[in-house]
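Trainee: sharing a model that was predicted from the sequence below.
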Amino acid sequence: MAEPDHRPLLASRNVADATTTGSYGTASTSLANDDQMPNGKSIGREESSEASCGDDSCSTALVHSKKHDKPNEAVRPCAANSSAAATGLTPDALSSVRRKVIFACLAANSIFCMVCLSIMIPFFPLVAAEKDPDGKDTIASATAIGFIFTMSPLTEFLIAPFIGRLVPAVGPKMILIIGGIMITGSLLLFGFVHLIDEWGEFLALCYALRAVQGIGTAFSITATIAVCVGMYPKNVSVVVGTIRAFNSLGFTIGPAMSGALYDSYGFTVPFAVHAGLMFVGTIWIMFALPRDGPAPVKSTSQKMMKATFMIPWAHLFLWSCFLVGMVMGMLEPNASPFLEEEFDLSPTKVGLVYLLYAGVLAITCPIIGVVADRWVDPKKFLAGCVLLTAIGFMLIGPWTELGLHPALWRMMISFVLIGVGSAINITITTPGVLQAMHTAGFEDSLELHSHIGGIVTAFFAGGIAFGPTIGSTAVGAIGFQDAAAIFGAALAFAAVVDFVVGCQQDCTHSRRRGSYSVSERQYLLSGDKEHSSKV
């Protein structure tokens, strides 16, 4: 679409004069675009104007530049006086050592969160099944117990977007403390649910406590991403990848630790020990993080939410993250019985196969983060990582008609491919969505970072929540190998969609160096749904 001529305004304005007022006052945003001379040649000088976005608290300085240095900073708005600065969680406000201490604190907190989510895996299903008066082998019993595990990610899926709005108002430090207290309290109470004999009361209390734990986890993960992105704005992929690696590490070591404690000391001790670890992490947060800044004068979270679902690239990253979460959720509860029956593996050896998957994921995340920050645009990874995950699932599928019988070495290759593909996806999703929001004209701020942290957490948790149910249903109907092949085909189709839509978006905005026109930015910044078709 044709852009209005802003050159009369440009003559009297300069980027340096576009300032921000207060934490959430008038926001200045740099947006990249190429100006055109009458002969069709572009001019490379930097010019600016202000475009009203329908709100006195938001004005946009449109900066025209020809090229950009880093792949994930194609259109990186200025955030000199953004809301992140008001919290003291910016590179300028913190020394390098202080930032490293805070990052170590948040990494440890991420491990504790995932450990607390996974500690029930080795022993809780057997304990819960004994409470069912109708017998532990019934479908109803298995479904009810399975929903206890699903309750936590399902709660994260439902609540995380709202927590993204809450972080700027309450403050990331307070959100992290509240989340830690909720997880600690729910774990302590969960250590005594085995004392309840009545089946209905037992299930109700388990569902309630897992829901509280899910809310606390959503609080912690959303605030962690917001703080890390604010402290390291030039290394978003690296810090997110590292945090995801610690998440994977925590989810892996949790069952081993809790299983050993359960065998030695019984049901209550694993929950008490891990609650103590979470409480220590919460105390560390209280001393490590600076005091929260003032609440925003006026929130723009609603505009950000509407704009997120108007931007095609944000769609692609989020739904791909949802699919990867779904297949990860499908794999974990259904692969163990197949490995034990098909290859006669002991539980210890099955755990080693899972450790291979988790180890590959944990190693790959920070490596991909470095590559995405320094050399390769996160968008270029998207279709490839989904396709890699699809190939991993297809290798599991039935190949007996081709004379290929199930082999353990092929399963291990599948787990490696799935681990690499999943690691790439969960690493690039946050910087990819952030880049899309920058391109649309939103500035770096605590509000933007927390919004993205909440929405990414919700989509990934949604996949984890629905994956086991859909996967178990498919496995029960057609078997594990056929179900894996179908999941692989669905992922391959998603990879094709990502590639086609991504190419279409790049072609659409190629003349504007990947950014939107002035009018399109006005619609996105104002959250006007009526004009979403123009984006």
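Mentor: It's in.
Trainee: now stretch 216-229: how far from the chain's centre is it?
Mentor: 10 Å (Cα atoms, centre = their mean, to the nearest Å).
Trainee: brain fart, stretch 304-319
Mentor: Computed by Cα atoms, centre = their mean, the chain-centroid distance of stretch 304-319 equals 14 Å.
Trainee: list the buried residues of it.
Mentor: Across stretch 304-319, burial judged by 16 or more other Cβ atoms under 10 Å covers 304-308, 310-311, 313-319. From N, CA and C alone the C-beta is placed, and that goes for glycine too.
Trainee: pick the one among these closest to Phe267.
Mentor: Leu318 (38.5 Å; Cβ to Cβ).
Trainee: out of the buried residues of stretch 304-319, which sit inside helices?
Mentor: In helices, defined here by DSSP state H, the members of these are 304-308, 313-319.
Trainee: got JSON lines for those residues, with pLDDT and distance to Arg99 too?
Mentor: Formatted as JSON lines, these follow (pLDDT from 0 to 100; distance: Cβ to Cβ, whole Å):
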{"residue": "Met304", "pLDDT": "85", "distance to Arg99": "25"}
{"residue": "Met305", "pLDDT": "83", "distance to Arg99": "29"}
{"residue": "Lys306", "pLDDT": "82", "distance to Arg99": "33"}
{"residue": "Ala307", "pLDDT": "82", "distance to Arg99": "29"}
{"residue": "Thr308", "pLDDT": "84", "distance to Arg99": "28"}
{"residue": "Trp313", "pLDDT": "85", "distance to Arg99": "29"}
{"residue": "Ala314", "pLDDT": "87", "distance to Arg99": "28"}
{"residue": "His315", "pLDDT": "83", "distance to Arg99": "33"}
{"residue": "Leu316", "pLDDT": "88", "distance to Arg99": "31"}
{"residue": "Phe317", "pLDDT": "91", "distance to Arg99": "26"}
{"residue": "Leu318", "pLDDT": "91", "distance to Arg99": "28"}
{"residue": "Trp319", "pLDDT": "90", "distance to Arg99": "33"}
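Trainee: between the residues you listed, which is nearest Pro398?
Mentor: Checking these against Pro398 by Cβ to Cβ gives Trp319 as the nearest, at 27.8 Å.
Trainee: my guess is the closest one contacts Phe459. True?
Mentor: Yes. Assessed by Cβ atoms under 8 Å, Trp319 is found in contact with Phe459 at 7.3 Å.
Trainee: I'd say Gly191 and His274 touch.
Mentor: No. Using Cβ under 8 Å, Gly191 is not in contact with His274, being 9.3 Å away.
Trainee: these two: who's more crowded?
Mentor: Using other Cβ atoms under 10 Å as the criterion, Gly191 and His274 rank with His274 on top: 26 against 18.
Trainee: C-alpha coordinates for the helix or strand where that one lies, CSV please?
Mentor: Using DSSP states H and E, His274 maps to helix 268-288. Taking Å, rounded to 0.1, in the frame of the first residue of the first chain, the C-alpha atoms of helix 268-288 are listed here in CSV:
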residue,chain,number,x,y,z
THR,A,268,5.9,-37.0,51.9
VAL,A,269,9.7,-36.5,51.9
PRO,A,270,10.1,-35.9,48.1
PHE,A,271,7.5,-33.1,48.2
ALA,A,272,9.0,-31.5,51.3
VAL,A,273,12.6,-31.5,50.0
HIS,A,274,11.6,-30.0,46.7
ALA,A,275,9.4,-27.4,48.4
GLY,A,276,12.4,-26.5,50.5
LEU,A,277,14.5,-26.0,47.3
MET,A,278,11.8,-23.8,45.8
PHE,A,279,11.6,-21.8,49.0
VAL,A,280,15.4,-21.2,49.0
GLY,A,281,15.2,-20.1,45.4
THR,A,282,12.4,-17.6,46.3
ILE,A,283,14.5,-16.2,49.1
TRP,A,284,17.4,-15.8,46.7
ILE,A,285,15.1,-13.8,44.3
MET,A,286,14.1,-11.5,47.2
PHE,A,287,17.7,-10.4,47.7
ALA,A,288,19.1,-10.7,44.2
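Trainee: what residues of it count as buried?
Mentor: Using 16+ other Cβ under 10 Å as the test for burial, helix 268-288 gives 268, 270-271, 273-275, 277-279, 281-282, 284-285, 288.
Trainee: stretch 386-400 now?
Mentor: Neighbour-count burial for stretch 386-400, counted by 16+ other Cβ under 10 Å, picks out 386-399.
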